[in-house]
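Colleague: sequence first, predicted coordinates after that:
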There are 2 protein chains.
Amino acid sequence: MSTTSPDQAVISEADLRALGVQAYEDLGLTRRDAEDACRIMVLADLFGISTHGMSRFESYGERLVIKGINARPAIAVERVAPALVKVDGDNGVGPLVGMRSLQAAMDVARECGVGIALARGSNHFGPISPYAYIAAQAGFASMIASSATTSIAPWGGSDARLGNNPLGFGVPNPEGRPFLLDMAMSVVARAKIRDALKRGESIPGTWATDKQGLPTTNPKQALDGFLQPMGGHKGYGLALLVDLLSGLLSGAAYLNHIKSWMHEADQPQNLGHFFLLIDTKILGPQRWLAERMTDFASILHASPPADPARPVIVPGEIELNKMEHQRKHGISLDAATLQVLRQYASRSPAVRP
Amino acid sequence: MSTTSPDQAVISEADLRALGVQAYEDLGLTRRDAEDACRIMVLADLFGISTHGMSRFESYGERLVIKGINARPAIAVERVAPALVKVDGDNGVGPLVGMRSLQAAMDVARECGVGIALARGSNHFGPISPYAYIAAQAGFASMIASSATTSIAPWGGSDARLGNNPLGFGVPNPEGRPFLLDMAMSVVARAKIRDALKRGESIPGTWATDKQGLPTTNPKQALDGFLQPMGGHKGYGLALLVDLLSGLLSGAAYLNHIKSWMHEADQPQNLGHFFLLIDTKILGPQRWLAERMTDFASILHASPPADPARPVIVPGEIELNKMEHQRKHGISLDAATLQVLRQYASRSPAVRP
């Protein structure tokens, strides 16, 4: 492990995983559960999605300590139909409930060609691309989604009633890179608006509304207001759809029945997730799929770029390039994140609450 | 039937259906196939989506006459796994292949809780909300998508390599209105840019690019260029995902392997469709689902509107309101569309090519 700047640290994948597993164990998880949760979180950091990787130990850890999240959940998988399972996460750590749901959906998809897991009783489960990547490496196309704390107003409304619900997809290429798409429903993250405020710049009128629900170019008013969904009413519709699939149909909370992990950290959120898996090995020979997927990417790459410095990319390439680089050269991480991990990992079991 | 203006006509649902079925029969379809295809097209007009309803007889009819579309397809449904069917549309009319694929997916979903149909060898299949509505009325949540003729440049690219691929969803409410979402991937339809040109107005820079792939506010340059996907790179990713699910995995054509129905009307397009059905009756009692769906809509409706004249709506309400109105008062249709239908319907079998 080496340090590149006072704020950044570099750590190997193996060391980060070991540290994460130890931190989770010291927070009360079993070793197996800690390993499953860390699988998603380490992949997030490998992909460069550091806002959704190990940095989340700050909130996950705090909620485990105050028992807002259950360290020893009895996760229950119920197969309600040949291709359909319901998962009760028992308020476990999100990436753990997510991994178990993914595994359950893959299990039934192997039998039925298609499998869906609907999870309830969960928490923030990290980014979607790690799940989609694991599925793709096992030959499954996937659609994965989660409900989230409310932060967006209904289209035309003026108070937060839906989450910036993530939605993602993966499609495997047996001889190349999978297609990976992972997106939130807002045009931009709040961080971009905060950056504009710091620089004293105005923002495009499509990013956010003020607290009355009216579009604004003023970053201060935007931060007091609501993020706008991408594509206007289309993104509003998609965010609702994610909440319907992940929250409403799964038996989880939905819309503003969802409690905030920030303001009610000691309460179960009852978030829901949706996992759809399709076994591509049933659709044709692996060679057939590989040829089509490779041709698909080639067609896109061959479009002459509008800006020669920025060639066309296929979704997932940024994350997969980052992973290749960081597997060789180590994972770049906020020093503060490592410090949080080390604090949890070094706690003596005797001082645990 | 009454006429409201020289350009508009009003016709009852039953009369429109009968006329459509007769037109299709005179174009060579069997009565059963004609009825299945008209089920989707009449619903499209009932919903007020007249651009994707019976007005399509203009292109469908022309292509049937020149044998670009097969009037007597042998549609083959192959169940490749318990929950997964592949459909070969044999170059039949799109709404017919769509209806058969929907039925096949519902059949396996009844058994497995989940069902997917992947269709190839198809053509433009109309809008998505009619399929999602039929599914919702039978108790199924759905995700439905189709590939389409290429009209959008890859994000950062400068030539048309992907379609404005429609994607839609439905979730039933056993005691109320279903959630119905139906969207194309562009920010706006080309028609809106043509309108701006006519009025001599500029357009927002997010709608389209010029032919070099650079954003433009000039409607003329935009019409020579490409539609922009909604949400920028996010819409680009979603359009690709739809093509992967509908086109690539189904064995259909994809990206610019798809032939244009305008420029190569006599050639099979080999479009693909994706139908995912989830049997909500397995998830809980109908009363439970109805309560949650009704509560979901109430929460959204209760958000104070930013503009008091435009209350918050739930996706599907515009279409369902329109259907209620038109079932009572007749369907409003372009007079030209009715004329096309009557021409086909009145052709003597003897003059058919």
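Modeller: Alright, I've got the coordinates.
Colleague: now the helices for the stretch 251-353 of chain A?
Modeller: Taking DSSP state H, counting those that start in this stretch, the helices of the stretch 251-353 of chain A run over residues A:286-301, A:317-329, A:335-346.
Colleague: try chain A
Modeller: Assigned by DSSP state H, the helices in chain A fall at A:13-26, A:31-46, A:57-65, A:94-112, A:129-137, A:190-199, A:219-224, A:233-243, A:286-301, A:317-329, A:335-346.
Colleague: output the first one in CSV with nothing but the alpha carbons.
Modeller: Output for helix A:13-26, consisting of C-alpha atoms alone and laid out as CSV, is shown next (Å, rounded to 0.1, in the frame of the first residue of the first chain):
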residue,chain,number,x,y,z
GLU,A,13,-7.7,-5.4,-4.1
ALA,A,14,-6.8,-8.2,-1.7
ASP,A,15,-5.8,-5.8,1.1
LEU,A,16,-9.0,-3.8,0.7
ARG,A,17,-11.1,-6.9,0.7
ALA,A,18,-9.4,-8.3,3.8
LEU,A,19,-9.8,-4.9,5.6
GLY,A,20,-13.5,-4.7,4.6
VAL,A,21,-14.2,-8.3,5.8
GLN,A,22,-12.5,-7.6,9.1
ALA,A,23,-14.4,-4.3,9.6
TYR,A,24,-17.7,-6.1,8.9
GLU,A,25,-16.8,-8.9,11.3
ASP,A,26,-15.9,-6.4,14.0
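Colleague: mean confidence score for it?
Modeller: Helix A:13-26 comes out with an average pLDDT of 97.
Colleague: so for the residue nearest in space to the middle of chain A, what's the pLDDT?
Modeller: With distances taken as CA atoms, centre = their mean, the residue of chain A nearest its centroid is A:Pro127 (1.5 Å). For A:Pro127, the pLDDT comes out at 96.
Colleague: contacts only, for it.
Modeller: Each residue near A:Pro127 by CB atoms under 8 Å, 6 or more residues apart in numbering or on different chains is listed here: A:44, A:47, A:49, A:52-53, A:166, A:168, A:182. Just so you know, the C-beta spots here come from the backbone N, C-alpha and C atoms, and that holds for glycine as well.
Colleague: rerun at 6 Å
Modeller: A:Pro127 makes contact with A:44, A:49, A:52, A:182 under the criterion CB atoms under 6 Å, 6 or more residues apart in numbering or on different chains.
Colleague: quick check: residues of the stretch 101-250 of chain A near chain B?
Modeller: Neighbours of chain B within the stretch 101-250 of chain A, by CB under 6 Å from any CB of the partner chain: A:112-114, A:116, A:154, A:156-159, A:161, A:169, A:171, A:181, A:183, A:213-214, A:230-231, A:234, A:237, A:241, A:244, A:248-249.
Colleague: residues in contact with the closest residue in space to A:Pro304 that isn't next to it in sequence?
Modeller: Once flanking residues are discounted, A:Pro304 sits nearest to B:Ser158: 4.9 Å by CB to CB, 6 or more residues apart in numbering or on different chains. Going by CB under 6 Å, 6+ apart, B:Ser158 touches A:304, A:306, B:212-213.
Colleague: burial of A:Arg31, as a residue count?
Modeller: As a burial measure, A:Arg31 scores 11 neighbours (other CB atoms under 10 Å in any protein chain shown).
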